[in-house]
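# Quick one: sequence plus predicted model below, questions after.
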Amino acid sequence: MNQRALFFRHVGLTSPQPMGIEVERAEGIYIYDKAGKEYTDLVSGVSVSNVGHRHPNVVKAIKDQADKYLHTMVYGEYIQTPQVQLATKLAEVLPGNIDSIYFVNSGSEAIEGALKLAKRATGRFNIVSCRNAYHGGTHGALSVMGDETMRNAFRPLLPGIRQIEFNNPEHLSAIDETTACFLIEPVQGEGGVVIPGKKYMQQVRQKCTDTGTLLIFDEIQTGFGRTGSLFAADWLEVAPDIICLAKGMGGGMPIGAFASTQEIMNLLTFNPVLGHITTFGGHPVSCASALASLEVILDEKLDIQANHKGDLFRAFLQHQAIKHIRGVGLFLAVELIPEVDVFQLIQVGIKHGVLLDPFLFCPNTFRIAPPLTISEEEIRESCRKIIAALDEMA
Ligand code: PLP
């Protein structure tokens with residue numbers, strides 16, 4: 001059997017039609033397949049490769065750390081330099097007074113940890129989240145996901161969950177003195193890059209403060225420069241009590257985190273002790289990679305650059321099949337006219353050497369979330385490829 005056949009035979013799959021690109025290597029904003037074909041990556045492995053594929057600083061940090069040590073002990077027992085350095089840097093740049101970072105392996109695990117922390121801190125178990133929200137695939141994360149179709153086959157899920165409409169202040173009455181936390185993506189990702197009003201977010205903050213509810217921001221997709229500042233919380237000017245991170249955090253290596261104040265985080269050290277356990281969380285190679293990636297974002301001001309680059313996409317990407325482009329920074333949702341099928345467009349895009357991706361909960365729309373390192377010329381070129389794909393479908 002060739003590799004493609006072995007992939008379909010032995011790799012556990014959940015997608016009925018995987019994109020099936022046979023990856024040979026990746027560099028900057030490009031991915032190359034086994035036949036040597038070049039693809040412009042406008043997906044970033046879903047908002048992961050914020051500093052581009054194999055950024056030299058990231059690769060060097062990974063190699064340097066691999067030469068020293070890999071896994072030595074389960075999380076939180078030994079003092080490991082990459083972890084300490086990353087936590088210290090994050091404490092400097094995270095919103096509000098968040099200064100204690102618990103490292104995990106993925107976004108879903110960050111959500112699990114955050115929900116547990118909120119229950120532990122408040123002694124309450126009711127949780128409010130939003131319709132059309134995506135928070136991950138594990139049981140807790142699935143329980144707060146805002147889509148019935150995705151959840152129904154896996155019931156029973158966590159009790160005490162209520163879902164409200166995103167960006168609707170009237171629905172905030174669901175948050176009360178029995179609510180442990182309100183979990184919200186500051187910009188809804190899989191809902192199709194839905195941007196809330198600043199005033200709404202301030203009302204959210206106030207409601208949580210008034211009711212003693214912990215506000216959790218899921219910045220797993222929006223974090224690390226994607227929306228034009230390091231975190232969406234920065235331009236929304238609202239600080240959460242707990243923040244969840246992953247994806248773009250690792251520079252291409254798997255890592256996530258939930259973070260809060262030391263006072264709240266310390267609650268996981270007693271009643272019970274070891275309130276959250278992870279073997280691989282904060283792996284030293286992932287932490288070294290994440291620190292290098294964060295320094296690139298900050299040094300090159302990639303977060304701030306994302307605003308102008310997003311505007312360039314809007315300016316260059318004009319076609320009669322495009323109904324609307326919505327977004328913030330380099331997190332864009334391109335809505336097509338109903339006559340054009342987004343899944344077909346993605347296939348035609350592959351032919352033209354450009355990688356696009358749909359959203360889970362936003363029909364006939366594709367995402368543009370390229371590495372933040374993309375240049376003006378590369379933006380022009382990728383828009384030309386999308387337009388050629390759209391022309392072919394006309
Ligand atoms: N939260 C958001 C907003 C996400 O976009 C995702 C993944 O797409 C997750 C959580 C889950 O992250 P992971 O796939 O690393 O478990």
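Looks like it arrived, so ask away. Numbering: from 1, shown residues only.

# Next, the contact list for whatever residue of the stretch 51-200 of the chain ends up closest to the ligand, please.
Residue of the stretch 51-200 of the chain nearest the ligand, by C-beta to the nearest ligand atom: residue 107 (2.2 Å). The way it works is simple: take the backbone N, C-alpha and C, and place the C-beta from them, glycine included. By C-beta atoms under 8 Å, 6 or more residues apart in numbering, the contact list for residue 107 reads 135, 136, 218, 220, 221, 244, 245, 246, 247, 256.

# and the ligand, which of the residues you listed reach it?
135, 136, 218, 220, 221, 246 (C-beta under 6 Å from any ligand atom).

# Helices of the protein, start to end?
Under the criterion DSSP state H, the chain contains helices at 3-10, 44-47, 56-66, 81-93, 107-122, 139-143, 148-151, 198-211, 232-236, 262-265, 284-299, 302-316, 342-351, 376-393.

# In the third one, which residues are buried?
Neighbour counts over helix 56-66 (16 or more other C-beta atoms under 10 Å) mark 57, 58, 61, 62, 65 as buried.

# That helix - contacts with which helices or strands?
helix 284-299 (3 or more C-beta pairs under 8 Å, 6 or more residues apart in numbering; DSSP states H and E).

# at 10 Å what do you get?
Helix 56-66 sits against helix 81-93, helix 284-299, with contacts defined as 3 or more C-beta pairs under 10 Å, 6 or more residues apart in numbering; DSSP states H and E.

# relative orientation of it and helix 284-299 in degrees?
Interaxial angle of helix 56-66 relative to helix 284-299 (axes from the mean of the first three to the mean of the last three C-alpha atoms, to 10 degrees): 150 degrees.

# distance between helix 56-66 and the chain's centre?
Chain-centre distance of helix 56-66: 23 Å, with C-alpha atoms, centre = their mean, to the nearest Å.

# State the mean pLDDT of it.
Averaged across helix 56-66, pLDDT comes to 98.

# before we move on, the earlier item: rank the helices of the chain by mean pLDDT and give me the bottom one.
helix 148-151 (a mean of 92).

# Residue 164 contacts residue 129, correct?
Yes: applying C-beta atoms under 10 Å, one finds residue 164 in contact with residue 129, separated by 7.8 Å.

# before we move on, the earlier item: biggest separation within the buried residues of helix 56-66, which pair?
Across the buried residues of helix 56-66, the longest distance by C-beta to C-beta is 12.6 Å; it joins 57 and 65.

# Pull up the overlap in contacts between these two.
Residues touching both residue 57 and residue 65 (C-beta atoms under 10 Å, 6 or more residues apart in numbering) are 289, 291, 292.

# count of residues packed around the second one?
Residues contacting residue 291 under the criterion other C-beta atoms under 10 Å number 25.

# now swap in residue 170 and tell me
8.

# which residue packs closest to residue 330, ignoring adjacent ones?
residue 306 (4.2 Å; C-beta to C-beta, 6 or more residues apart in numbering).

# Run through the residues that contact that neighbour.
50, 225-229, 297, 328-331, 369-370, 372, 374.

# Residue 19: what's it in contact with?
39, 43, 346, 347, 349, 350, 355, 356, 357.

# and the nearest residue to the second one once chain neighbours are set aside, what pLDDT?
Closest residue to residue 43 in three dimensions, ignoring its sequence neighbours and counting by C-beta to C-beta, 6+ apart: residue 357, at 4.4 Å. Confidence at residue 357, expressed as pLDDT, is 96.

# likewise residue 394?
For residue 394, the model assigns a pLDDT of 77.

# which one is it nearest to, not counting chain neighbours?
Closest to residue 394 by C-beta to C-beta, 6+ apart is residue 321, at 6.8 Å.

# now residue 53
Distances taken as C-beta to C-beta, 6+ apart place residue 26 nearest to residue 53, at 3.6 Å, with adjacent residues excluded.

# Return the subset of the ones next to the ligand among the contacts of residue 107 lying in strands.
Of those, the ones assigned to strands by DSSP state E are residue 218.

# What I need now is the ones next to the ligand among the contacts of residue 107 written out in a markdown table, including neighbour count and pLDDT for each item.
Formatted as a markdown table, these follow (neighbours: other C-beta atoms under 10 Å; pLDDT from 0 to 100):
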| residue | neighbour count | pLDDT |
| --- | --- | --- |
| 135 | 30 | 98 |
| 136 | 22 | 98 |
| 218 | 34 | 98 |
| 220 | 28 | 98 |
| 221 | 27 | 98 |
| 246 | 28 | 98 |
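
# any idea which of the ones next to the ligand among the contacts of residue 107 is the one closest to residue 204?
Taking C-beta to C-beta as the measure, residue 204 sits nearest to residue 218 out of those, at 13.1 Å.

# How much space separates that closest one from residue 190?
Look at residue 218 and residue 190: by C-beta to C-beta, to the nearest Å, they are 11 Å apart.

# tell me, what's touching those two both at once?
133, 134, 135.

# quick one on the thing from earlier: list residues touching both of residue 164 and residue 129?
Joint contacts of residue 164 and residue 129 (C-beta under 10 Å, 6+ apart) are 146, 182, 184.

# doesn't residue 208 make contact with the second one?
Yes: contact criterion C-beta under 10 Å: residue 182 and residue 208 qualify, at 5.6 Å.

# and the chain, which residues reach the ligand?
Counting by C-beta under 6 Å from any ligand atom, the chain sits next to the ligand at 46, 106-108, 111, 134-136, 185, 189, 218, 220-221, 246.

# Spit out the contact partners of the nearest residue to residue 292 once chain neighbours are set aside.
Leaving aside its chain neighbours, residue 292 sits nearest to residue 61 (3.8 Å; criterion: C-beta to C-beta, 6+ apart). Each residue near residue 61 by C-beta under 10 Å, 6+ apart is listed here: 55, 82, 251, 253, 285, 287-293, 295.

# Now with 7 Å, please.
288, 289, 291, 292 (C-beta atoms under 7 Å, 6 or more residues apart in numbering).

# Looking at the residues you listed, which is nearest residue 101?
For the contacts of residue 61, with residue 101 as the reference and C-beta to C-beta as the criterion, the closest is residue 291, at 11.9 Å.

# hang on, that closest one packs against residue 86?
Yes: under the criterion of C-beta atoms under 7 Å, residue 291 makes contact with residue 86 at 4.6 Å.
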